[in-house]
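[1] Make a model of this:
(2 chains)
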Amino acid sequence: ETGVTQTPRHLVMGMTNKKSLKCEQHLGHNAMYWYKQSAKKPLELMFVYSLEERVENNSVPSRFSPECPNSSHLFLHLHTLQPEDSALYLCASSQEPAGTVSGYTFGSGTRLTVV
Amino acid sequence: GESVGLHLPTLSVQEGDNSIINCAYSNSASDYFIWYKQESGKGPQFIIDIRSNMDKRQGQRVTVLLNKTVKHLSLQIAATQPGDSAVYFCAENIPAGKLIFGQGTELSVKP
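    Below you'll find the model as predicted:
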């Protein structure tokens, strides 16, 4: 257990479904991240929240919608996904501000399969 | 653009041998580097880090070397064990204050 917990661990959903991924961190960090990990590709940053405010969105399709109600919780709402969205979705947290980076702590991820 | 890449996608070593995993980075202003290990079914886990004012840093059975002249980073694992089998990522902290990850090298340890 790394201090970052993701649920569910596995998710299979149809293209018309709506689901949400949840992430919770118990480390007192003030920044949280969503990454997408596809086979044979580097980690792709999707969203960054710092102090509960979204500070970065790397042009992710609108079918992915993040929510950060407080500094300990992060959600990724999914709707009308495509099969190419199947991947491992990783949540991470860190203590910012930038310049004092000491690495990110990752959760175990949610393995998403879109059918 | 900024990117971090790994020279080899896979590496196979004999148990007990030393492993060397390489990484090239492109942003000369990056000031902090991290190696992560990702085992099957788990998220990446921090192994060791190094700041740009250092050339070498040692941990338990692991050593990271930084060559800023050629923008190269390596991870050395001594006496590689079956439990070291995993995918290893390097990451660089660019001036914008975010981490850029490489593709990863899959290390396989043969008994």
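[2] Give me the neighbour count for the residue of chain B found nearest chain A.
    Distances between chain B and chain A by CB to the nearest CB are smallest at B:Gly97, namely 2.4 Å. In this view, the C-beta of every residue, glycine as well, is placed from N, C-alpha and C. Close neighbours of B:Gly97, defined as other CB atoms under 10 Å in any protein chain shown, add up to 18.
[3] One more: A:Ser38?
    By other CB under 10 Å, neighbour count at A:Ser38 equals 13.
[4] now A:Gln37, nearest residue through space, not along the chain?
    Closest residue to A:Gln37 apart from its sequence neighbours, by CB to CB, 6 or more residues apart in numbering or on different chains: A:Leu88 at 4.3 Å.
[5] if we can go back for a sec, next, give phi and psi for the residue of chain B closest to chain A.
    phi 90, psi 30 (degrees, to the nearest 10).
[6] And the pLDDT at it?
    Model confidence at B:Gly97, given as pLDDT, is 70.
[7] Spatially central residue for chain A, please.
    Residue closest to the mean C-alpha point of chain A, counted by CA atoms, centre = their mean, is A:Trp34 at 2.6 Å.
[8] Mind giving me the packing neighbours of the helix or strand hosting that residue?
    Assigned by DSSP states H and E, A:Trp34 belongs to strand A:31-37. Where contact means 3 or more CB pairs under 8 Å, 6 or more residues apart in numbering or on different chains; DSSP states H and E, strand A:31-37 is packed against strand A:18-25, strand A:44-50, strand A:64-70, strand A:73-79, strand A:87-94.
[9] Next, the angle from the second one to strand A:87-94.
    With axes from the mean of the first three to the mean of the last three CA atoms, to 10 degrees as the basis, strand A:44-50 and strand A:87-94 are set at 30 degrees to each other.
[10] which residues does A:Met32 bridge with?
    In this structure, A:Met32 bridges to A:Tyr49, A:Ser93 when assessed by DSSP bridges.
[11] can I assume it is in contact with A:Cys23?
    Yes - with contact defined as CB atoms under 8 Å, A:Met32 counts as touching A:Cys23 (6.8 Å).
[12] Now do the shared contacts for those two.
    A:74, A:91 (CB atoms under 8 Å, 6 or more residues apart in numbering or on different chains).
[13] what's the burial count for residue 59?
    Just going to use chain A. Neighbour tally, A:Ser59, other CB under 10 Å: 5.
[14] switch to chain B, that's the one I care about
    Count around B:Gly59 with other CB under 10 Å applied: 13.
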